[in-house]
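1. Sequence plus the predicted model coming up.
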Amino acid sequence: MNSSKSLLVQGYEVVIGFETHAQLSTQSKIFSRAPTAFGAEPNTQACAVDLALPGTLPVMNRGAVEKAIRLGLALGSHIAEQSVFARKNYFYPDLPKGYQISQFEIPVVQGGEVSFFLGDEKKTVRLVRAHLEEDAGKSLHEAFHGMSGIDLNRAGTPLLEIVTEPDMRSSAEAVAYAKELHKIVTWIGVCDGNMQEGSFRCDANVSVRKPGGELGTRREIKNLNSFKFMQQAIDYEVRWQIEQIEDGHAIQQATVLFDPDTGETRAMRTKEDAADYRYFPDPDLPPLVIGRDWVELVKGEMPELPRQMAERLVQTYGLPEYDATTLTQSPAMAAYFETAAQACGQAKLVSNWIMGEVSRRLNAEERDMSGVPVSAAQLAALMGRIADGTVSNNAAKQVFESLWSGEATDVDVVIEAKGLKQMNDSGALEKIIGEVMAANAPMVEQFRAGKDKAFNALVGLVMKASKGKANPQQVNDVLRQKLQ
């Protein structure tokens, strides 16, 4: 659990735990050979096993197990040498067998943690487990008048359910955790992370309590499929629970849904406990045995993990830990940084621009790193021109805009064409400063009388007189000398 002081909301401490369903990126389902591709016509990807026809038996998908091993290794978890599948009994139209095959008492992945930054503060959320299970089908209501349709294409799709301890204390922290977990599962290739298609779905268990008191009764917000809605849903639920308690009402354990149109949560059903599902070992599936040699084989095929790469970026390039963690949001961003940093030798400057201008434009246009129109080589060339004093940081932003829009491809050509080259002639600069001081004698006297704001005003006048081409640091140095 995080040791930092919890943020209180109206005198209450917020307590949040997560259950995340990550759809494993296998070609076939967890217990059958039916395909898992998204978007097919309803009920065209459900075979006899998925339909639970009499006499059919489940057969374990080796690829799903291997992805569970990969996740366990990435999260620093214990990978059980032997785990057991169980039947989770409940009755719903989109569950053909009348039970879901899952894991209960002995999951395949046990323990572990996820660390991330919230602002510049490092947080760690402990994991309870990650267990393999099959997905249910889907009930369709919109297209049918007075009836519901059932699509069993998702039935049997392999999932890993990743469960945390109740370690999070704010909606912002919960979203940061979810983003970090999303990064990990996509980085190691166990899940495509597509939230709109349901590949990465989060359930948030939310409760409130007085600081130091017993855990409050939790309500589970189901199927949060966007980070924006996740934060809105948790914030609303926290406010609602506090209002209920302050009005003298007891919180009832329940499963709730978030309505993005109203911004409110609403109860769907009373929340069940494990005993309500009558778990028992599935007699059709033997214990899942994972040999250490298999774990070592998977370990040898693992990519460099985000936290490992972040440590290397700190050591190799001298970056702050915050920068390194931000730059390892995706393999594409990390590769972009390294290519540019190696080309120009200005690692911190490159980092600042990727986290600043590059990320700002990507967010504004809702694009990811694969859609960056400014190549790493172009960014490196621009950083080189800032470092050698050819252009100021502000002028560099104009060059960047030209590169981003496709107006030009060569940094030096843009600098010349737009007349952005910085003035580095000390003689010319001293002349401009002398003229500014002569024309603004009262301001000079104010500075000499101890008014520091007058200095900034003089710097601004010099920059204006030079049409923005003077080197700001050089202006500061020369002006201070002349004012002494």
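-> Cool, the structure landed. Numbers count the residues shown, from 1 in each chain.
2. Low-confidence stretches in the stretch 201-350 of the chain?
-> Residues of the stretch 201-350 of the chain meeting the criterion pLDDT under 70: 271-272.
3. how close does the closest residue to residue 86 other than its chain neighbours get to residue 324?
-> On the basis of CB to CB, 6 or more residues apart in numbering, the spatially nearest residue to residue 86 that is not a chain neighbour turns out to be residue 104, at 4.2 Å. Backbone N, C-alpha and C define where each C-beta goes, glycine included. Using CB to CB, to the nearest Å, residue 104 is found at 39 Å from residue 324.
4. Does residue 276 belong to a helix, a strand or coil?
-> Secondary structure for residue 276, judged by DSSP: H, G, I helix; E, B strand; the rest coil, is helix.
5. where do the helices sit along the stretch 51-200 of the chain?
-> 62-74, 171-187 (DSSP state H, counting those that start in this stretch).
6. what's the angle from the shortest one to helix 171-187?
-> Following axes from the mean of the first three to the mean of the last three CA atoms, to 10 degrees, one obtains 130 degrees for the angle between helix 62-74 and helix 171-187.
7. what comes up buried for the longest helix seen in the chain?
-> Secondary structure of the chain read by DSSP state H shows that its longest helix is helix 227-246. Neighbour-count burial for helix 227-246, with 16 or more other CB atoms under 10 Å as criterion, is recorded at 227, 229-238, 240-242, 245.
8. do you know how far the residue nearest to residue 86 is from residue 77?
-> From residue 104 across to residue 77, the span is 17 Å (CB to CB).
9. what's the single longest strand in the chain?
-> strand 121-134 (DSSP state E).
10. Report the angle between that one and helix 171-187.
-> 60 degrees.
11. quick one: the residue lying closest to residue 282 once chain neighbours are set aside from residue 210, how far?
-> Among residues not flanking residue 282 along the chain, residue 85 sits closest, at 4.6 Å (CB to CB, 6+ apart). Distance, residue 85 to residue 210, using CB to CB: 41 Å.
12. Please identify which of these two sits among more neighbours.
-> A side-by-side neighbour count of residue 85 and residue 210, using other CB atoms under 10 Å, places residue 85 first with 26 against 12.
13. which ones are touching that one?
-> The contact partners of residue 85, taken as CB atoms under 8 Å, 6 or more residues apart in numbering, are 101-103, 132, 281-282, 285, 288.
14. how near is it to residue 92?
-> Looking at residue 85 against residue 92, where the rule is CB to CB, the gap reads 20 Å.
15. So which residues make contact with stretch 72-81?
-> The list of residues contacting stretch 72-81 from outside it, by CB under 8 Å, 6+ apart, reads 68-69, 71, 106-114, 127, 130, 184, 187-188, 289-292, 295, 298-299, 302, 305.
16. and that stretch, which residues are buried?
-> Those buried within stretch 72-81 under the rule 16+ other CB under 10 Å are 72-75, 77, 79-80.
17. tell me the phi and psi of residue 202?
-> Torsion angles at residue 202 (phi, psi; degrees, to the nearest 10) stand at phi -120, psi 140.
18. Just list the residues touching it, thanks.
-> Residues near residue 202 by CB under 8 Å, 6+ apart: 18-21, 178, 223-225, 230.
19. residues contacting residue 460?
-> Not one residue lies near residue 460 by CB under 8 Å, 6+ apart.
20. Residue 274 now?
-> If a contact means CB under 8 Å, 6+ apart, then residue 274 has residue 104 as its contacts.
21. again, but for residue 304
-> Here residue 304 is in contact with residue 312 (CB under 8 Å, 6+ apart).
22. what helix or strand is residue 362 on?
-> Counting by DSSP states H and E, the element that carries residue 362 is helix 359-364.
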